[in-house]
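>>> generate coordinates for the sequence data below:
(chains A and B)
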Amino acid sequence: MTTAIADAGHTPGVRYGSISQGRRRTLYWSYFFLILFVIVFLTPPVYMFITSLKSSAEISAASNPWWVYNPTLSNYADLLTQKTYLIFFRNSAVVSLCVVTITMLISVLAAFSPRMKFWGSATLATGVFLAYLIPDTLVFIPLFKTFAFIHDKRGIELINHWWVLIILLPTLTVPFCTWIMIGYFASIPKELDEAALIDGAVYPDADKIFIPVALPGIIAAMIFCFTVSWANFLYGLAFTTSADQLTLPVGIVTTLIRGDVYAWGQIMTGALLGAAPPLIIYAFLMDYYIAGLTAGATKG
Amino acid sequence: MAQVALRNIVKTFDKTPAVQGIDLDIADREFIVLVGPSGCGKSTTLRMIAGLEEATSGEIYIGDQLVNDVPPKDLDIAMVFQNYALYPHMTVFENMSFGLRLKKFPKAEIKERVQGAARILDITELLDRRPKQLSGGQRQRVAMGRAIVRNPKVFLFDEPLSNLDAKLRVQMRTEIKKIHQKVTTTTVYVTHDQVEAMTLADRVVIMNAGRIDQIGSPHEVYHSPKTQFVAGFIGSPTMNMLPCRLVENGSRLTVRLSDWLSLPVPPSRVARYRARVGKELTFGLRPEHIIEGRGDVPPGAAAFEAPLDVVEPMGMETMVYFIVDGVEVCGRVNPAAAGRVGESMRLVADLNQMHLIDPHTQMVI
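Numbering: from 1, shown residues only, chains lettered A, B, ... in the order given. Below is the predicted model:
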């Protein structure tokens, strides 16, 4: 729209400054890359959706893969009436909700601590970040060994239980969530705490001042945490094996691929349904995610 | 309503001394301004009174109560911050009533108090807005409103006007003065702006490097500074300060500033300065005491000719600058009488207003 207005103002033969030209070129390039990005990232879900509406016969037929000739909901019906799929879903939901709760309890407090500037708080914050730098692919074997050791010594069986993921996944989510919340909390002026203290609040003025003001940051961390635990594949694959202990990402892969037979229609349907909860959460909380509630607290 | 007393307050941050032994008595209903350059410890002192910082040693009293270990919520004080620190998720009404709601005041009284304060501050129509919908000046008023509704024993202001633009700052300065006249609560106000200090204070406390240099009325600190720092800090443009030597001429004393400029010490000061004859001293005289020379020279003053280096017309007055032994000296003359750059001008120095400073102790003699 801006370019249209700029064009309307042009008199033939008059060249306008390089600013408007540069701006237009920047816009063109950003649109080009944005559209490219959208295509690359939306093609798989679209393909999943198309495939999920096809019967097995149509999937293996040599027809146009981007078109559905005989749409059917049989894949959806099959999956949603299968007990195992519903168990995967339940396992994933319970694990994710528990992980989010545990992570938030730890991370909010951990992220709040550098604000109190106690001895060693800065070192602690750096330590949390370093912990995040260690990838899960590096620690899952040591973790497995540890669990085996516990089993040998104490007889406590930690492997092949869905709930063990509730213990494992916070090792990924806590460091990152703490790290992003430390950043967000640091942007909240300290004077707000102090004003609340002087107004008679008890330190930390969590419920009335700090949590409401920090909510966008906390919710952003929650969304991230949920996404990570919902989508985690590696730990689920490594630590659980029985069909009734699996989470959704692992369950789909292990039960819908039998030998070299791929139930493509159901795999696609399962993945699509599995992607729904994070999508719904993003849709509802996006405003919070973006909203900067702190605007106007201090000199803007 | 309460007096505040500080007894030998020391504050050290990680071995860096911020406040080094402060004694201060603030009377009930008094408006005290702590002023000084950044890093002089004035904000730290205020924050210790507020209970936001712990004093390393010393005693703080509010009323008759020793409050060193009393948490801020039990202190019955109110504070206005430089960046306002309004609660962003609350309306103006909620911001102002937050403290009262925490203390479980009855709803009717909260409403009455908030509306009363809003009337004083002229923000009645803003009560339903949120901080981000307000301008800087309005936010400042709300921050003050939040303090007023509490009806505290002591008001604390931490550079409340520093974030406002120049015009608004002058306006709000007058407002603060008016509000203090209305609510007459003991007030401690921190600023680095000496004009704010002079206009608002009953007494000014001038701090320098963690210590108090002088406590006095605005008139006192301006006309009788005790140290070189105070003499230079208060007043704009700043006091002229020149190295000099005190010379004896029979029964009279002369301040010798350079080969071409010596000024006679007025007879009333001779006894005070006689012991310093022959010593290297610093001579101080404010620009407004160097004026154009016309007609007779009044007693205690001295006339001299000086070649003008810079002339700055300000409208109601003109600043003239001349050089004495490499030091720039400023005079404040009537615009009609101001000479031109490069020409010599006859000036009169009113030596009844002169100061002599010992350069070693930095004390005014």
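
>>> correct me if wrong, but A:Thr51 is in a helix.
Yes: assessed with DSSP: H, G, I helix; E, B strand; the rest coil, A:Thr51 lies in a helix.

>>> ok, it to A:Tyr69 distance?
13 Å (Cβ to Cβ, to the nearest Å). From N, CA and C alone the C-beta is placed, and that goes for glycine too.

>>> any idea which helix or strand of chain A has the worst average confidence?
Least confident helix or strand of chain A, by mean pLDDT, DSSP states H and E, is helix A:2-8 with a mean of 43.

>>> so A:Leu79 touches A:Ile87, yeah?
No: if you go by Cβ atoms under 8 Å, A:Leu79 and A:Ile87 don't touch, sitting 12.0 Å apart.

>>> between the two, point out the one with more neighbours.
A:Leu79 (24 against 18; other Cβ atoms under 10 Å in any protein chain shown).

>>> quick check: domain ranges of chain B?
For chain B, automatic domain parsing gives the domain ranges B:4-227, B:240-357.

>>> and those, which is most packed in?
A comparison of those by mean neighbour count, using mean count of other Cβ atoms under 10 Å in any protein chain shown, puts domain B:4-227 on top with a mean of 19.

>>> span of that one from start to end?
Using Cα to Cα, to the nearest Å, one end of domain B:4-227 lies 25 Å from the other.

>>> so which residues on the stretch 101-250 of chain B come close to chain A?
Neighbours of chain A within the stretch 101-250 of chain B, by Cβ under 8 Å from any Cβ of the partner chain: B:Leu102, B:Lys103, B:Arg130, B:Pro131, B:Lys132, B:Gln133, B:Leu134, B:Gly136, B:Arg139, B:Arg146, B:Arg150, B:Asn163.

>>> change it to 10 Å
Counting by Cβ under 10 Å from any Cβ of the partner chain, the stretch 101-250 of chain B comes close to chain A at B:101-103, B:129-136, B:139-140, B:143, B:146-147, B:150, B:152, B:156, B:158, B:162-164.

>>> next structured bit after whichever helix or strand A:Leu109 is part of?
Element membership for A:Leu109, per DSSP states H and E: helix A:83-116. Per DSSP H and E, helix A:83-116 leads on to helix A:121-133 as the next helix or strand towards the C-terminus.

>>> which elements pack onto that next one?
Here helix A:121-133 is seen to pack against helix A:83-116, helix A:170-186 when contacts are counted using 3 or more Cβ pairs under 10 Å, 6 or more residues apart in numbering or on different chains; DSSP states H and E.

>>> next SSE downstream of that helix?
helix A:136-154.

>>> got the contact list for that following helix?
A:156-159, A:164, A:167-169, A:171-172, A:228, A:232-235, A:237-239 (Cβ atoms under 10 Å, 6 or more residues apart in numbering or on different chains).

>>> so which residue is dead centre in chain A?
With distances taken as Cα atoms, centre = their mean, A:Thr227 lies nearest the centre of chain A, 2.6 Å away.

>>> list the contacts of A:Val250.
Per Cβ under 10 Å, 6+ apart, neighbours of A:Val250: A:88, A:91-92, A:165, A:232-241.

>>> ok, B:Asn240 next?
B:232, B:283-287, B:289-290, B:321, B:324, B:327-331, B:349.

>>> phi, psi of B:Leu24?
The phi/psi pair for B:Leu24 (degrees, to the nearest 10) reads phi -150, psi 130.

>>> and the closest residue to it other than its chain neighbours, what does it touch?
Once flanking residues are discounted, B:Leu24 sits nearest to B:Leu6: 4.4 Å by Cβ to Cβ, 6 or more residues apart in numbering or on different chains. Taking Cβ under 10 Å, 6+ apart as the criterion, B:Leu6 is in contact with B:19, B:21-26, B:45, B:48-49, B:55, B:58-61, B:188, B:212.

>>> sorry, back to before: tabulate the domains of chain B in JSON lines, adding columns for mean pLDDT and distance to A:Pro278.
Listed next are the domains of chain B as JSON lines, based on pLDDT from 0 to 100; distance: least, Cβ to Cβ, whole Å:
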{"stretch": "domain B:4-227", "mean pLDDT": "89", "distance to A:Pro278": "27"}
{"stretch": "domain B:240-357", "mean pLDDT": "88", "distance to A:Pro278": "67"}
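
>>> so B:Arg101 touches A:Gly200, yeah?
Yes: between B:Arg101 and A:Gly200 there is a contact under Cβ atoms under 10 Å: 9.1 Å.

>>> farthest residue from the center of chain B?
Quick read of chain B (Cα atoms, centre = their mean): farthest out is B:Gly250, 41.4 Å.

>>> in three-state terms, label the residue nearest to B:Leu24 for me.
In three-state terms, and counting by three-state DSSP, B:Leu6 is strand.

>>> that one and A:Tyr31, how far apart?
From B:Leu6 over to A:Tyr31 (counting by Cβ to Cβ), the distance is 64 Å.

>>> number of nearby residues for the residue nearest to A:Met181 when sequence neighbours are not counted?
Leaving aside its sequence neighbours, A:Met181 sits nearest to A:Ala111 (Cβ to Cβ, 6+ apart; 3.5 Å). Using other Cβ under 10 Å, A:Ala111 has 25 neighbouring residues.

>>> just give me the longest helix of chain B.
Identified as the longest helix of chain B according to DSSP state H is helix B:166-183.
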